[in-house]
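A.B. asks: Quick check, what structure comes out for this input:
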Amino acid sequence: MRKFILITVIILFISSAFQKPVYALTQQEVDKYVWQKQVVTNIAPQADPLRQELSQKIQAMINAGHLAPYRYNVNENFVIYFWYHAGEPVYTLAEAYKYLPDGDPVKQSLRAYLTQEITSYPPYVGTQVYNKAPWLPLQTGARREYHPLQTIPTTPNNLNQSHPMIQTFYHLWDYVDATGDTTLVSSKWSQIIGLFDTLKNRGSVGWMDDGGCVTKYGDIAGCIGMARLAYIVNNQNYIDQASSRALTGFNSGLDFNQFDTNSYNQARYFTEEGGDDSRDPTSSQLRSYVYLNLFPETARFIKDNSVAAAQTHIDKITQNIPTWYITNSPAFVGGETNRITPLTSYPVFQAYAQIFRKDYNFLKNRLDVPLAKVGDLYYLQNLVSTIKAYGQTCWVDIRTSQQISCEAAPSVSPLPSTIPSPSPFATGDFDQSGQVNEVDAELLISNWLLSTCTTFSCDTNQDSKNNSLDFAWTFKEWGN
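C.D. replies: Numbers count the residues shown, from 1 in each chain. A predicted model of the protein is given here:
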């Protein structure tokens, strides 16, 4: 028995000696993510139509004034809200500000609009529900929906759960980076640090979101933003606190699969009732939450450290729903929902743009149409990401303004040499009648799953196959 125990101990000792050590990043190694910002330059003229579209959509927001959160009916029994945190429009519009055409008068108008939004709806104010940033008023502002609404609650229920709003500090920093308005930071510093002190140690209570920059990639970006805000006012204490917590988050985030699990377990989105069941069914099934609130620095981190795991993850999503990018596309998985929501399409688009660095042809061909009639923040962010793909991405140290490195532009995949369909309006017009109708549906069904399909009979996307993607396009264009 003693001999057996001795041999076991020796084996365990030898085994442990040859085990791969657990690798931990140092503060110096994560400094490039904390202190280097993305700068995209030399945007090709081919992006001009997209920049003009961006200008038009921003002008529509300015004309509408302050916008109320968007009410979205997932299905007959499930309602969620988008764009209900004050930091979300600030970040989206700050990014748009950077990439509006030079000399565009909309740029000056946007600066005034941003100032008004931050003044009227400051994202750094005291927290309201479970130490989270408060909602924007649900009934205040222009409506984004295409359809009229009946009843909207005046205030959210106390049980409602939100995105992890420590990322508000990145929103604020990006606004300052775009506009140069450092006065905002110095004049509101006491409120900013008050919010950070509340959120940095926020723990988990049942199904609440964890906080503190340590469990999700969006959270890490919050501490990056806070460190940069503290640098603006030269407050070393909060520089150290924020960068230290970011280091903890980055080390935890080396395990992409664990962060995917964290995002899934902690993701709850606002409904009128709140509670544990307030998740979008399709996004829950596909687990696209891990890419929500993706910023350039955290996307760079994933690309550097976990790109293989992320690729496997996103492949599962797109194989389940090849029409992930089509607005209101039918959903083939996802429980009770009958269509894909932006909680799938937007995070996946951003992952392709920021982590996998897809070229502008890939992104442009997956820009569908806005969900909202005005102020679709997810569409605007996707539009900006596509514009950026036409330029060169460099990384600049925010402390010294020194350009540290530049990345080669993604290799551009060629566009198809022939048009997807003989119809000028619809790819599902298989019989070339000028309308997508029952005749096209019959052609689609009669050739279902055929692997030698032709564009003129049943193939919408020139992959020589007839499958769910062709069905989705035909469904989308029905009656056109």
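A.B. asks: helices and strands around the helix or strand hosting Gly222, which ones?
C.D. replies: Assigned by DSSP states H and E, Gly222 belongs to helix 217-232. Using 3 or more Cβ pairs under 8 Å, 6 or more residues apart in numbering; DSSP states H and E, the elements in contact with helix 217-232 are helix 27-35, helix 168-179, helix 183-187, helix 189-199, helix 236-252, helix 296-305. For every residue, glycine as well, the C-beta is placed using N, CA and C.
A.B. asks: what's around the residue nearest to Lys216 when sequence neighbours are not counted, how many residues?
C.D. replies: Of all residues beyond its chain neighbours, the one nearest Lys216 is Ser263 (5.3 Å), with distances taken as Cβ to Cβ, 6 or more residues apart in numbering. Per other Cβ atoms under 10 Å, the neighbour tally for Ser263 reads 24.
A.B. asks: Can you report phi and psi for Ser263?
C.D. replies: When read as degrees, to the nearest 10, the backbone of Ser263 gives phi -60, psi -40.
A.B. asks: List the residues that contact it.
C.D. replies: Ser263 makes contacts with 216-217, 287, 289-290, 292, as judged by Cβ atoms under 8 Å, 6 or more residues apart in numbering.
A.B. asks: What is the nearest of these to Gln36?
C.D. replies: For the contacts of Ser263, the minimum distance to Gln36 (Cβ to Cβ) is 16.7 Å, reached by Tyr217.
A.B. asks: Which parts of the stretch 301-450 of the chain are strands?
C.D. replies: Counting by DSSP state E, counting those that start in this stretch, the stretch 301-450 of the chain has these strands, from start to end: 392-397, 403-407.
A.B. asks: which residues are contacting the first one?
C.D. replies: By Cβ under 8 Å, 6+ apart, the surrounding residues in contact with strand 392-397 are 32, 35-42, 300, 402-409.
A.B. asks: residue ranges with poor pLDDT in the stretch 151-300 of the chain?
C.D. replies: 153-164, 202-211, 267-284 (pLDDT under 70).
A.B. asks: so how far is Gln139 from Ala68?
C.D. replies: Noted for Ala68: a distance of 7 Å to Gln139, by Cβ to Cβ, to the nearest Å.
A.B. asks: higher neighbour count, the two?
C.D. replies: Ala68 (22 against 13).
A.B. asks: Run a quick neighbour tally on the residue nearest to the more buried one when sequence neighbours are not counted.
C.D. replies: Once flanking residues are discounted, Ala68 sits nearest to Gly141: 3.7 Å by Cβ to Cβ, 6+ apart. Using other Cβ under 10 Å, Gly141 has 16 other residues around it.
A.B. asks: Can you read off the pLDDT for Gly141?
C.D. replies: Looking at Gly141, its pLDDT stands at 93.
A.B. asks: and it, what does it touch?
C.D. replies: Applying Cβ under 8 Å, 6+ apart, the residues near Gly141 are 65-68.
A.B. asks: Weed out the non-buried ones from the residues you listed.
C.D. replies: 66-68 (16 or more other Cβ atoms under 10 Å).
A.B. asks: nearest to Gly434, of those?
C.D. replies: The closest of those, once distances to Gly434 are taken by Cβ to Cβ, is Leu67, at 37.2 Å.
A.B. asks: Look up phi and psi at that closest one.
C.D. replies: phi -110, psi 140.
A.B. asks: Relative to Gly212, how far out is it?
C.D. replies: 30 Å.
A.B. asks: need the contact list for the closest residue to Leu286 other than its chain neighbours.
C.D. replies: Closest residue to Leu286 apart from its sequence neighbours, by Cβ to Cβ, 6+ apart: Ile317 at 4.7 Å. Ile317 makes contact with 286-288, 324, 344, 348, according to Cβ under 8 Å, 6+ apart.
A.B. asks: ok, which pair from those residues is furthest apart?
C.D. replies: Across these (Cβ to Cβ), the longest gap, 12.8 Å, separates Arg287 and Trp324.
A.B. asks: Check the burial of Ile445 by counting its neighbours.
C.D. replies: 12.
A.B. asks: Likewise for Ser190?
C.D. replies: Counted with other Cβ under 10 Å, Ser190 comes out at 8.
A.B. asks: what do you get for Asn42?
C.D. replies: So Asn42, with other Cβ under 10 Å, has 10 neighbours.
A.B. asks: how close does it sit to Thr386?
C.D. replies: When Asn42 is compared with Thr386 (using Cβ to Cβ), they lie 16 Å apart.
A.B. asks: got it, and Ala64?
C.D. replies: For Ala64, the distance to Thr386 - Cβ to Cβ - is 23 Å.
A.B. asks: quick one: which of these two has more around it?
C.D. replies: Thr386 (25 against 16).
A.B. asks: Neighbours of the closest residue to the more buried one other than its chain neighbours, how many?
C.D. replies: Leaving out its chain neighbours, the residue that sits closest to Thr386 by Cβ to Cβ, 6+ apart is Leu363, at 4.2 Å. As a burial measure, Leu363 scores 23 neighbours (other Cβ under 10 Å).
A.B. asks: Quick one: residues contacting Leu363.
C.D. replies: 349, 352-353, 382, 385-386, 389 are the contacts of Leu363 under Cβ under 8 Å, 6+ apart.
A.B. asks: Where does the record place the domain boundaries for the chain?
C.D. replies: Taking automatic domain parsing as the reference, the chain has its domains at 27-407, 416-480.
A.B. asks: Deepest-packed of those, please.
C.D. replies: With neighbours taken as mean count of other Cβ atoms under 10 Å, those reach their highest mean count in domain 27-407, at a mean of 19.
A.B. asks: can you tell me the distance between the two ends of that domain?
C.D. replies: 23 Å (Cα to Cα, to the nearest Å).
A.B. asks: quick one on the thing from earlier: mind giving me CSV with the contacts of Gly141 and columns for distance to Val185 and secondary structure?
C.D. replies: Converted to CSV, the contacts of Gly141 look like this (distance: Cβ to Cβ, whole Å; DSSP: H, G, I helix; E, B strand; the rest coil):
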residue, distance to Val185, secondary structure
Gly65, 26, coil
His66, 23, coil
Leu67, 25, strand
Ala68, 28, coil
